[in-house]
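Undergrad: how would this look folded up:
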Amino acid sequence: MLLEAKHLTKTFGSHVAVNGLNLQIAPGSFTALLGPNGAGKSTTMNLLIGLTPPSLGQVSYADQIKRGVVFQNSVLDERLTVTENLQIRAKQYRHVAKTKVAAVSAELGLTAFAHQQYGTLSGGQKRRVDIARALLNDPDILFLDEPTTGLDIQTRTAIWNLLRHLQRARQLTVVLTTHYLEEADAADSVYIIDHGSLVAAGTATAIKARYAEDVLQVTSSDVDRLRGRLTVMPTACNGNQLVFKLPSPQVALDILTTNRDLITTFEFRPGTMDDAFLALTGREIR
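TA: As a prediction, this is how the structure comes out:
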């Protein structure tokens with residue numbers, strides 16, 4: 001394993017922010033840490049990075065691992081240009097070539113605005129510069145703390161296309177926290193944390209299969225007759241529409257094929273990571 005946490009615990013006075021967390025991160029993998037506000041995911045990230053010491057437990061890395069971090073809030077100077085910011089950061093590492101800033105700027109598409117002040121950039125441009133800063137030391141593992149918060153959908157998509165390219169090209173290991181749960185759909189491992197404790201772990205597909213129900217909505221020409229045929233009861237009935245929450249697509253297919261003479265229209269939605277997340281952590285506002 002590239003990184004392993006055992007019985008990771010962090011307390012602040014009587015408050016337990018992280019409670020006995022165990023996780024493993026394999027080389028080249030993409031791991032997502034999810035949780036509601038105040039659940040402990042940012043504290044977990046800080047423990048993994050080494051910014052915060054654990055109260056109990058330990059974090060172990062493979063030998064000679066280099067880390068890169070993209071913080072939720074930028075650490076760059078808004079009055080300096082992109083190139084000036086990156087040059088200053090590059091000098092903080094040993095053995096970083098003088099050509100590194102230019103190479104990373106070209107790789108991440110920063111050249112067109114390299115001489116602009118960082119503070120004048122758009123949100124998406126700033127994020128690309130933040131990622132470039134984190135890559136200056138050629139890290140083996142890249143930590144991203146809510147990297148797309150506040151960005152529009154087009155910019156979020158562009159940032160994720162960039163990250164996926166970097167992961168493939170550099171064989172990067174990526175660890176992410178995010179409030180946009182669909183960003184975890186491609187993760188090799190998902191850890192969902194609530195009230196400091198781990199409530200679910202596995203692939204995104206496995207978690208959705210276990211905790212998220214599929215939704216089928218049908219419109220019928222004869223609702224009463226359709227209801228009389230059903231072996232699976234709907235969860236809601238609105239006029240000539242029936243809504244089902246189902247454990248698998250096969251059940252939906254059985255309903256549709258068996259009763260196709262009574263169904264005029266239908267809509268099927270597979271269970272999402274949002275559904276699984278709400279099932280595990282509740283719907284109350286934090």
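Undergrad: next helix or strand past the helix or strand bottoming out on mean pLDDT in the chain?
TA: Across the helices and strands of the chain, mean confidence by mean pLDDT, DSSP states H and E is lowest for helix 153-170: a mean of 91. Using DSSP states H and E, the helix or strand that follows helix 153-170 in sequence is strand 173-177.
Undergrad: Against which helices or strands is that following strand packed?
TA: strand 30-34, helix 41-49, strand 141-145 (3 or more Cβ pairs under 8 Å, 6 or more residues apart in numbering; DSSP states H and E). Using the backbone N, CA and C atoms, a C-beta is placed for each residue, glycine as well.
Undergrad: how about 6 Å then?
TA: The contact analysis (3 or more Cβ pairs under 6 Å, 6 or more residues apart in numbering; DSSP states H and E) places strand 173-177 against strand 30-34, strand 141-145.
Undergrad: separation between the residue of the chain most remote from its centre and residue 279?
TA: No residue in the chain sits farther from the centre than residue 225, which is 44.6 Å out by Cα atoms, centre = their mean. When Cβ to Cβ, to the nearest Å is applied, the distance between residue 225 and residue 279 equals 33 Å.
Undergrad: Residue 251 now?
TA: Computed with Cβ to Cβ, the distance linking residue 251 and residue 279 is 18 Å.
Undergrad: just checking, residue 194 touches residue 39?
TA: Yes - Residue 194 lies in contact with residue 39 (Cβ atoms under 6 Å); the separation is 5.0 Å.
Undergrad: Now do stretch 55-68: distance from first to last residue.
TA: End-to-end distance for stretch 55-68: 24 Å, by Cα to Cα, to the nearest Å.
Undergrad: can you tell me the helix or strand for residue 279?
TA: Counting by DSSP H and E, residue 279 is found in helix 273-281.
Undergrad: by contact count, what packs against that helix?
TA: helix 204-211.
Undergrad: What average pLDDT does the helix it packs on get?
TA: If you average the pLDDT over helix 204-211, you get 93.
Undergrad: Kindly provide the distance from the residue nearest the centre of the chain to residue 154.
TA: Geometric centre of the chain, nearest residue: residue 184, 3.9 Å, by Cα atoms, centre = their mean. Between residue 184 and residue 154 the distance is 20 Å, computed by Cβ to Cβ.
Undergrad: Having no further points to raise, I will conclude here.
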